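[1] Dropping a prediction and its sequence here:
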Amino acid sequence: MARRLIRYASALVLLVYGFAKINGSQFTILDSELDKPMGQVSGFWLTWYYFGFSRFYGTFLALIQIAGAVLLTFHRTTLLGACMLAPVLANIILIDIFYGVDPGATGVAILLFAAMIGLIAPQRGELLALFWPSRGAAADSTALITARWGVRLAMLAVTFGFTYWVANFNNRNPTPIDGTWDLIQVEPQNLTAQVPKTIFFEYNRASMTVFKTSEGMYATIILRLIAKAIKSRCGRSGKAREPRSSWETIR
């Protein structure tokens, strides 16, 4: 009786959350939040906007919750529904905690996750045998086991080294002018071409320079040679100087 109550109560709550996403009461954003700079947006609204950006993705999450809830209402498919919903709920809990989503919603997610674990627990033996099968009678040789571990460790070392190189040497090439600069003077002063109001020399993308116009439009240069030439002309060569808060002159 208690197990049936857990199944139906969990299904009811999950149906509410699933249909809330489809009907537009979740993953919506306020105009006041859209007007804020991204650095001032709270983790809650950042998460809300991120998941609401794609209507398809939000609907996909909703359908998983609805389908899982329906599976919980049938005795034969309870285990399938609980196994499908448990990782989804675990991810929701992590997002709620680390992005500062409403504590009440976090509590509900924790209770639902605990309910799924409770529904899965009676079949833990079968699941363990499925995902962690016992070894056969013939054991592998020591040399083969050592070789396999060598391959695993090599994969870890190579992928770590490659991504470290990408982040710290390929993507970054620090210069004294990295950061945000305001354009306050242009030479010649009778220049008719549109000039930017703000220029961003990106620290985490050494090949990227972004220009912002007074109308709020952005133009991005991703050509590595052009970005390097701009940085070099504006003070990279020779002795490093103190960064400035504005770019005084463009020639």
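    Good, I have the coordinates. Residues are numbered from 1 along each chain as shown.

[2] So what are the structural domains in this protein, by residue number?
    Taking automatic domain parsing as the reference, the chain has its domains at 2-131, 179-247.

[3] I'd like to know which of those has the weakest mean confidence.
    Of all those, domain 179-247 carries the lowest average pLDDT, namely a mean of 68.

[4] longest single helix anywhere in the chain?
    Scanning the chain for the helix with the most residues, using DSSP state H, yields helix 142-165.

[5] any idea of the mean pLDDT in it?
    If you average the pLDDT over helix 142-165, you get 93.

[6] right, so of the domains of the chain, which gets closest to residue 156?
    Closest to residue 156 of these is domain 2-131 (CB to CB; 22.0 Å). C-beta: built from backbone N, CA, C; applies to glycine.

[7] Distance from the chain centre to that closest one, please.
    Mean-position distance between domain 2-131 and its chain equals 17 Å (CA atoms, centre = their mean, to the nearest Å).

[8] Same question for stretch 174-189.
    A distance of 32 Å separates the centroid of the chain from that of stretch 174-189, by CA atoms, centre = their mean.

[9] Just the buried residues of stretch 92-99, please?
    Buried residues in stretch 92-99, defined by neighbour count with 16 or more other CB atoms under 10 Å: 92-93, 95-96.

[10] Any chance of TSV for those, columns distance to residue 53?
    Output for the buried residues of stretch 92-99, formatted as TSV (distance: CB to CB, whole Å):
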residue	distance to residue 53
92	17
93	22
95	15
96	19
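
[11] for these, which one is nearest residue 216?
    Once CB to CB is applied, the member of the buried residues of stretch 92-99 that ends up nearest residue 216 is residue 95, at 30.8 Å.

[12] got a list of contacts for whichever helix or strand that closest one is part of?
    According to DSSP states H and E, residue 95 maps onto helix 78-98. For helix 78-98, the surrounding residues in contact (CB atoms under 8 Å, 6 or more residues apart in numbering) are 7, 14, 43, 47, 61, 64-65, 67-72, 101-102, 105-106, 109-110, 112-113, 116-117, 119-120, 123, 127.

[13] Check which helices and strands the helix or strand harbouring residue 46 sits against.
    Using DSSP H and E, residue 46 sits within helix 43-53. Counting contacts by 3 or more CB pairs under 8 Å, 6 or more residues apart in numbering; DSSP states H and E, helix 43-53 packs against helix 31-34, helix 55-72.
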